[in-house]
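Q: got a sequence here, can you build the structure:
(chains A and B)
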Amino acid sequence: MELLALILIPLAAASVLMAFRPAAGTARGLALASTLLTFVLTLWLWYTWGGETVIGIAKDWVPAWGMRFVLGYGGIGLLMLLLTGLLFPFIIGTGYKQPVGDAALVNALLLFSQSALFGVFMAQNAFLFYIFFELSLIPIFFLLLYWGGEHKRAITIRFFLYTLLGGLALLFSIAFLTLQTPAPHSADFTALAALDLPMDTQLWLFWTLFLAFAIKMPIFPFHSWQPETYTMAPTQGTMVLSAVMGKMGLYGIVLFLFGIVPAGTAHWQGFVITLSLIGALYAGVIAFRQDDLKRLVAYSSMSHMGLMSAALFTMNAYGISGGLYQALAHGVLMVCLFYIAGMLFLRTGTNDMGRMGGLKARMPRLALLFMLVVGNAISMPLTQSFPGEWLMFNGLWQLKPWMALVGIPLIVLGAVYMLYAYQRVLLGTPGETAGLELHDADGEEHFLLVPLIAITFVVGIFPNTVLHLVDAPVHQLLNLFPPLP
Amino acid sequence: MVSTDLLALLVPALPLLGTLVIGFGRKRFTANSGGGLATALVAGAFLCSLLLFLRHDGGTRIVHLFNWITLGDMNIPFAFQIDALSLWMMLIVTGVGTVIHAYSIGYMHDDPRVATFFAQLNLFTFAMLLLVMGSNFLVTYIGWEGVGLCSYLLIGFWYTNPDFNYAGRKAFVMNRIGDMGMVMAMVLLFLQFGTVNYVPVMGQAGAMSPDNPLIITATLLLFLGATGKSAQLPLLTWLPDAMAGPTPVSALIHAATMVTAGIFLLVRSSVLYDLAPYTQDIVLWVGVATALFGATVGLFQNDIKKVLAYSTVSQLGYMFAALGVGAYSAGMFHVTTHAFFKALLFLGAGSVIHALGGEQDIRKMGGLKNTTKTTYITFLVATLAIAGIPPLSGFFSKDGILAHTFADSPAAYAVLVFAALLTALYMFRLLFLTFFGSYRGTAHPHESPKVMTVPLVILAVLSAVGGLLNIPHVFGGNEWLKHLLATASEGVAAEHLDLPVSTEYLLMASTTLLVVLTIWYAWTIYGKKTTLDGEPAGMPFLKRLVARKWMLDGLYAWLVEKPFGWLSRHLFSFGEGKVAVPLTIGTGKTTLGLGELVRKVQSGNTSFYLFGMMAGVVVLLLITLLSA
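A: Numbers count the residues shown, from 1 in each chain, chains lettered A, B, ... in the order given. Okay, the predicted model is just below:
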């Protein structure tokens, strides 16, 4: 019943917000309460988890198509549930200081998205997964379309088309897979994973499945919707996209590609890793010269996602565990970075770093918070990002040393663009916006950022709290893979 | 009795406590209270280290705190390794650190952000202690990155100056370039040995045959990390720029401690290096080349701190040369004496800068020996020490390196001796131009307060007598430091020097004589100078090349920085603008056509659509639940 509650609580809260359209304060309060409640629920699931796959609810839905309503979770799903549960209170909380649009509507949209995301990470039936996968995005379209920045319509369209493309490929693949199961057909993941598909089928099926997830993360060259969308979407929308939704891609890779077409995945492994690493380096280089802070963060996100994708596709314990661990770290990081970009926008009215500079003199506390986040962004040891990076490079080297060697310049690129951005915003001689009335980070903003930063240190010092979630499930996965040649 | 484990824990914990207390209370702390607390905590760490050292029985003790990263068969503990090597480094870091912290109380007295300064200085000390105390590569790497970040913060401490910020970033990024090697080496060693703990890694590696490609790769990668942190060719240009930081920072981080981390790492891994003669040759020649590079460029610098910075680069080169010939204890000995005399030189320079109200250009100094007497005398001691005049500390430590190099590679020896003469030349040029002749500036020189001069005197005493730590056999000594370190390092234990005693005497005597002659030569040129050479532009080609730092900065700007900026801009404008977006789903005709579709959606009432969406889902859910 807790599982259903995870979907229904945000859905109910969103419905109330839509139906009664309360004032901004009430709307945010309700949304925050709802997300905190679901967060506590995910913590409860974590606390009570015994290490096995839990099926919470299983009902027939449309038996003729193999559709069943099955919710459950294993360690990897639980990690994603925790990610969603943890980050949404902060995303909703962002609205307090950085409001956008009609509070009731915006919060309803966010909650609706959260509900679908919980569904994605609990669905144990491929059709169900697909429905939630698509539903989760629709509210974000509206956020972008109504409250986005420049060229919002063109950007929304591009984003929409991409999603449509990936989604259709996924739907087609699921239908195809379901038909391969013995009658009565079932789209349950257990049934699909039991399929022993011939190699030539796996080879093309890999791509129709991968397309949806590659777009979602996104991975070079399927990324061209991402930078503009992240830059122009309202901050909360960008947070949902980068911190949580991108992880649907990683999760989908594990669930579909590793679970159902392992041999096909093993075949395309080298190609996809190369693509991911190229994309990571490409985005890391581009990030350096961006003037728009949000766009810089967008490219940095793409760079990090590229490394995570490469690590997953190593299909070894270190790589997969590192990539999944990093999904959580990256989510926390993205909320922090976009929140700080939002704080700066609130004060200076711009995201253009060329117009900032020397702001530290006026906002020393904001500078300290930003520096702590930068430490996590550049994977300083004892912050959350470091253990993930360490594991991922181990995974890459274990597969092929050259892969680690191609990826390792990322640790330099990250330092190059993040420290440059930090300098352009806060250090040096005062820029044109330094003359504005700038007040330092206030109590409310500390209330949001300090817990997140504390998490980055606590997990960085005790990463095992997260790693133990993925340890056993990843080893189960490894048994599925064909023996290495 | 306090347990050994608790003492070991206290050593890094005390400075960390200082960071937190002073950092969070930075509005309430003054130079005296904040600086006093910071100094006291580092002094406390020194006392704990000293106690540990006195109790040390020559063994290796692992202080296990908790399991840091555990996954499957990977278990990386957060633990300290207490042995002679780490204890020795802890003593240097906290000992010299205490003195420099105290000095900073005077030097930074009037800075409005003095509390922040001390919080960061304590944080640095904490990170440096993790670096030397770690029981495995990864804990060392925590400190390794931590000192890098503190270095970045402190170089750019006066953050309104864009050049200083650039210098800070440059330092961090060049260090990170080296860190690529460090990370890859750790990965390689872990995947090979299944652990990154020093003791088992060295144990297993020791059983392998020499010239194993794995060991050669690992040692080369580790050395890349060392070249970044310890400013060796080709990753050295950040160190002179790092002089942008406050002078105590230059003394502590960029002379006495952090930059010796690379040497420490190689000594820690001496088992690996002894198995890789190929890498050792590279270490030797990189060290020799860097020693020469620093010494030549140092001759042409006019900023008092830049002279010392190139000198540091050069002296670090000596240490690596020692490691390259397997003389690990000689390298560590020079780390020790260099920490004394170079910290002293920097603090002395700081005292001069303080005396002249911020002036750093030696062309505008001169004649200060009368007005800043304590500074002058201590600076003289340090200068004699670094020049290698017996019986000061530098003589013994440099002689150890030269003797071992001579036995291994006479060619390298010749270059190092030449660099030693240059060292005497640039150091006495600095000394004469600063303290002799007549004053060429416009300020009103005055001696620094006691809180600054007492540290100078302490370091001067150490610089003078530090040689006693490791008196070689030819002087009837027993090489105390070497025997101490031999308990912790197999590389040190395996050292040997096959030189006839007469040869050793001859080498020492000839080098000393040449150095004395060089000092005399320096006196004839710079002793009574009142004006100085012009700018590099007017010099002959070779001289100009050296004065312009062998064009290394320009080379990097042309080969790396500019192309990188170009690439970043063009990947964005061309790669993203002209290829990625148009080729996939662009803003072109497709979009316009499909735009019509979306417009229809958009023209409606949002709430209506959202309601429709949610209603659909709810209905589906209800059907499901009720159909059971």
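Q: for the stretch 451-600 of chain B, which residue gets nearest to chain A?
A: B:Ser568 (3.9 Å; Cβ to the nearest Cβ). No exception for glycine: its C-beta is placed from N, CA and C like everyone else's.
Q: for that residue, which non-adjacent residue is spatially closest?
A: A:Arg289 (3.9 Å; Cβ to Cβ, 6 or more residues apart in numbering or on different chains).
Q: what's the distance between that neighbour and B:Ser448?
A: 45 Å (Cβ to Cβ, to the nearest Å).
Q: A:Pro218 too?
A: For A:Pro218, the distance to B:Ser448 - Cβ to Cβ - is 59 Å.
Q: work out for me the element the residue of the stretch 451-600 of chain B closest to chain A sits within.
A: Using DSSP states H and E, B:Ser568 sits in helix B:562-570.
Q: list the buried ones in that helix?
A: Buried residues in helix B:562-570, counted by 16 or more other Cβ atoms under 10 Å in any protein chain shown: B:567-568, B:570.
Q: closest to B:Gly168 out of these?
A: Comparing those against B:Gly168 with Cβ to Cβ picks out B:Ser568 as the nearest, at 20.3 Å.
Q: which residues touch A:Gly167?
A: If a contact means Cβ atoms under 8 Å, 6 or more residues apart in numbering or on different chains, then A:Gly167 has A:130, A:133-134, A:212 as its contacts.
Q: which residues touch A:Leu168?
A: Per Cβ under 8 Å, 6+ apart, neighbours of A:Leu168: none.
Q: please name the residues that touch whatever residue of the stretch 201-350 of chain A ends up closest to chain B.
A: Here the residue of the stretch 201-350 of chain A nearest chain B is A:Arg289; by Cβ to the nearest Cβ that distance is 3.9 Å. Listed by Cβ under 8 Å, 6+ apart, the contact partners of A:Arg289 are B:565, B:568-569, B:572.
Q: tell me the pLDDT of the residue of the stretch 201-350 of chain B found nearest chain A.
A: Residue of the stretch 201-350 of chain B nearest chain A, by Cβ to the nearest Cβ: B:Thr217 (8.8 Å). B:Thr217 carries a pLDDT value of 95.
Q: one more: A:Ala12?
A: 95.
Q: is it correct that it falls within a strand?
A: No - under DSSP: H, G, I helix; E, B strand; the rest coil, A:Ala12 sits outside any strand and is assigned helix.
Q: residues near residue 347, how many?
A: As the question left the chain open, I've gone with chain A. 20 (other Cβ atoms under 10 Å in any protein chain shown).
Q: hm, I was asking about chain B
A: Count around B:Leu347 with other Cβ under 10 Å applied: 34.
Q: how close does it sit to B:Ala255?
A: 10 Å.
Q: now do B:Gly72
A: For B:Gly72, the distance to B:Ala255 - Cβ to Cβ - is 43 Å.
Q: got the contact list for B:Arg268?
A: Contacts of B:Arg268 by Cβ under 8 Å, 6+ apart are B:85, B:140, B:198, B:489.
Q: which residues are in contact with the nearest residue to B:Ser49 once chain neighbours are set aside?
A: For B:Ser49, ignoring the flanking residues on the chain, the nearest one in space by Cβ to Cβ, 6+ apart is B:Met90 at 4.2 Å. Residues in contact with B:Met90 (Cβ under 8 Å, 6+ apart) are B:11, B:45, B:49, B:52-53, B:129, B:132-133.
Q: please apply the same query to A:Ser321.
A: A:Ser321 neighbours (Cβ under 8 Å, 6+ apart): A:391, A:395, A:467, A:470-471, A:474, B:71-72.
Q: from those, list just the buried residues.
A: A:391, A:395, A:467, A:470-471, A:474, B:71.
Q: so which bits of the stretch 301-450 of chain A are right by chain B?
A: Taking Cβ under 8 Å from any Cβ of the partner chain as the contact definition, the stretch 301-450 of chain A meets chain B at A:317-318, A:321, A:358, A:360-361, A:371, A:375, A:380-382, A:387, A:390-391, A:393-394, A:397-398, A:401, A:404-405, A:408-409, A:411-412, A:415-416, A:419-420, A:423, A:426-429.
Q: what about 6 Å?
A: Proximity of the stretch 301-450 of chain A to chain B, by Cβ under 6 Å from any Cβ of the partner chain, involves residues A:317, A:321, A:380-382, A:387, A:393-394, A:397-398, A:408, A:411-412, A:415-416, A:419, A:423, A:427-428.
Q: residues touching the nearest residue in space to A:Ala421 that is not next to it in sequence, list them.
A: In space, A:Ala421 comes closest to A:Leu296 once its chain neighbours are excluded; the distance is 5.5 Å by Cβ to Cβ, 6+ apart. Neighbouring residues of A:Leu296 by Cβ atoms under 6 Å, 6 or more residues apart in numbering or on different chains: A:287, A:290, A:421.
Q: among the residues you listed, name the ones in helices.
A: A:287, A:421 (DSSP state H).
Q: which residue ranges of the stretch 51-200 of chain A form strands?
A: Counting by DSSP state E, counting those that start in this stretch, one finds strands in the stretch 51-200 of chain A at the ranges A:54-62, A:67-73.
Q: got the ones you listed as JSON lines, with mean neighbour count, mean pLDDT and distance to B:Ala387 columns?
A: Formatted as JSON lines, these follow (neighbours: other Cβ atoms under 10 Å in any protein chain shown; pLDDT from 0 to 100; distance: least, Cβ to Cβ, whole Å):
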{"stretch": "strand A:54-62", "mean neighbour count": "16", "mean pLDDT": "85", "distance to B:Ala387": "74"}
{"stretch": "strand A:67-73", "mean neighbour count": "22", "mean pLDDT": "89", "distance to B:Ala387": "70"}
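Q: how near is the nearest residue to B:Pro200 once chain neighbours are set aside to B:Leu214?
A: The shortest distance from B:Pro200 to any non-neighbouring residue, by Cβ to Cβ, 6+ apart, is to B:Phe193 (6.7 Å). Distance, B:Phe193 to B:Leu214, by Cβ to Cβ: 10 Å.
Q: same check on A:Thr94?
A: A:Thr94 is 49 Å from B:Leu214, by Cβ to Cβ.
Q: the two: which is more packed in?
A: A:Thr94 (23 against 17).
Q: how about the more buried one: what's its closest non-neighbour residue?
A: Using Cβ to Cβ, 6+ apart, the nearest residue to A:Thr94 is A:Gln236, at 5.4 Å.
Q: and for that neighbour, the neighbour number?
A: For A:Gln236, the count of nearby residues is 31 (other Cβ under 10 Å).
Q: quick check, it in contact with A:Ile91.
A: Yes - contact criterion Cβ atoms under 6 Å: A:Gln236 and A:Ile91 qualify, at 5.4 Å.
Q: could you list the low-pLDDT ranges of the stretch 451-600 of chain B?
A: B:529-538, B:581-600 (pLDDT under 70).
Q: contact partners for B:Leu222?
A: Going by Cβ under 6 Å, 6+ apart, the list of residues near B:Leu222 reads B:Ala185.
Q: actually B:Gly245, sorry about that
A: By Cβ under 6 Å, 6+ apart, B:Gly245 lies in contact with B:154-155, B:157.
Q: could I get the full set of strands for the stretch 301-450 of chain B?
A: Using DSSP E, counting those that start in this stretch, strands in the stretch 301-450 of chain B do not occur.
Q: give me every residue that touches the closest residue to chain A within it.
A: The stretch 301-450 of chain B approaches chain A most closely through B:Gly358 (19.1 Å), counting by Cβ to the nearest Cβ. By Cβ under 6 Å, 6+ apart, no residues touch B:Gly358.
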